[in-house]
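1. Provided below are the primary sequence and the corresponding predicted coordinates.
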Amino acid sequence: MLVECFKATQDVVSIVTPGWKIEGITCTPSGLVTSWKREVGRIAWIDKALDKSGVTFSSRSIAANGNSVIVSVPLSGIKTFNSPPEMNGVDLVNTLNDLFQGLQMSVNMSTETWTSPQKNVYRSVKFSFTSNHDPKQWLGLLMNFSGLKINTIKYDINSHNWYYEGAIYVL
């Protein structure tokens with residue numbers, strides 16, 4: 001999802017429309033969602049920009065007052081790898097803390113346990129962090145963790161910061 005979100009984010013931020021300002025961008029496994037807020041523009045202008053962008057939208061809606069537009073973009077090509085957990089929870093927390101300390105960054109973590117209807121018990125370490133590095137920069141590092149699942153990536157268009165949230169399954 002890291003690469004697909006980055007590509008889709010690049011596509012939507014390249015859509016520039018006079019009088020409209022793009023707002024936050026959120027990626028989940030089901031796709032990217034973003035919105036534009038009208039400053040002085042017209043609906044016809046944003047419609048034309050979206051139509052001519054070359055981006056495929058899975059949905060597009062205009063607020064009843066005409067002052068915002070919300071779009072969804074499918075993330076194609078997300079690959080799922082069978083990567084069973086390799087670390088126990090304590091070792092993973094220590095490894096992540098050490099890694100982020102080395103990068104001089106903060107990471108938030110919590111543990112989670114879930115029991116399936118078939119009575120299988122799944123344990124994971126949930127994590128979240130904010131970075132000014134885009135998803136392609138994190139790809140090599142995060143993909144080293146077997147059992148990784150990325151839940152959400154957000155991009156703040158004003159601060160140019162990325163927010164990452166996911167989980168890594170543990171033994």
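-> Received, thanks. On a predicted model such as this, the values are computed, not experimentally measured, just so you know.

2. CA atoms for contacts and neighbours, from now on please.
-> Will do.

3. average pLDDT across the helix or strand hosting N94?
-> With elements taken from DSSP states H and E, the one containing N94 is helix 89-102. Helix 89-102 carries an average pLDDT of 97.

4. Keeping just the C-alphas, turn it into CSV.
-> What follows is helix 89-102, C-alpha atoms only, in CSV (Å, rounded to 0.1, in the frame of the first residue of the first chain):
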residue,chain,number,x,y,z
GLY,A,89,5.8,-8.7,21.3
VAL,A,90,8.5,-7.6,23.7
ASP,A,91,11.3,-8.1,21.1
LEU,A,92,9.3,-6.2,18.5
VAL,A,93,8.6,-3.3,20.8
ASN,A,94,12.3,-3.1,21.7
THR,A,95,13.3,-3.3,18.1
LEU,A,96,10.9,-0.6,17.0
ASN,A,97,11.9,1.7,19.9
ASP,A,98,15.6,1.2,19.1
LEU,A,99,15.0,1.9,15.4
PHE,A,100,13.0,5.1,16.0
GLN,A,101,15.5,6.3,18.6
GLY,A,102,18.2,5.9,16.0
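
5. just checking, what packs against the helix or strand following that helix?
-> Where DSSP H and E defines the elements, the next helix or strand beyond helix 89-102 is strand 108-115. Packing contacts for strand 108-115, counted by 3 or more C-alpha pairs under 8 Å, 6 or more residues apart in numbering; DSSP states H and E, involve strand 121-131.

6. Check which residues of the strand it packs on are buried.
-> R123, S124, V125, K126, F127, S128, F129, T130 (16 or more other C-alpha atoms under 10 Å).

7. How about the secondary structure of the nearest residue to the fourth one once chain neighbours are set aside?
-> It refers to K126. Distances taken as C-alpha to C-alpha, 6 or more residues apart in numbering put A167 closest to K126, at 4.1 Å, once the chain neighbours are dropped. Following DSSP: H, G, I helix; E, B strand; the rest coil, A167 is assigned to strand.
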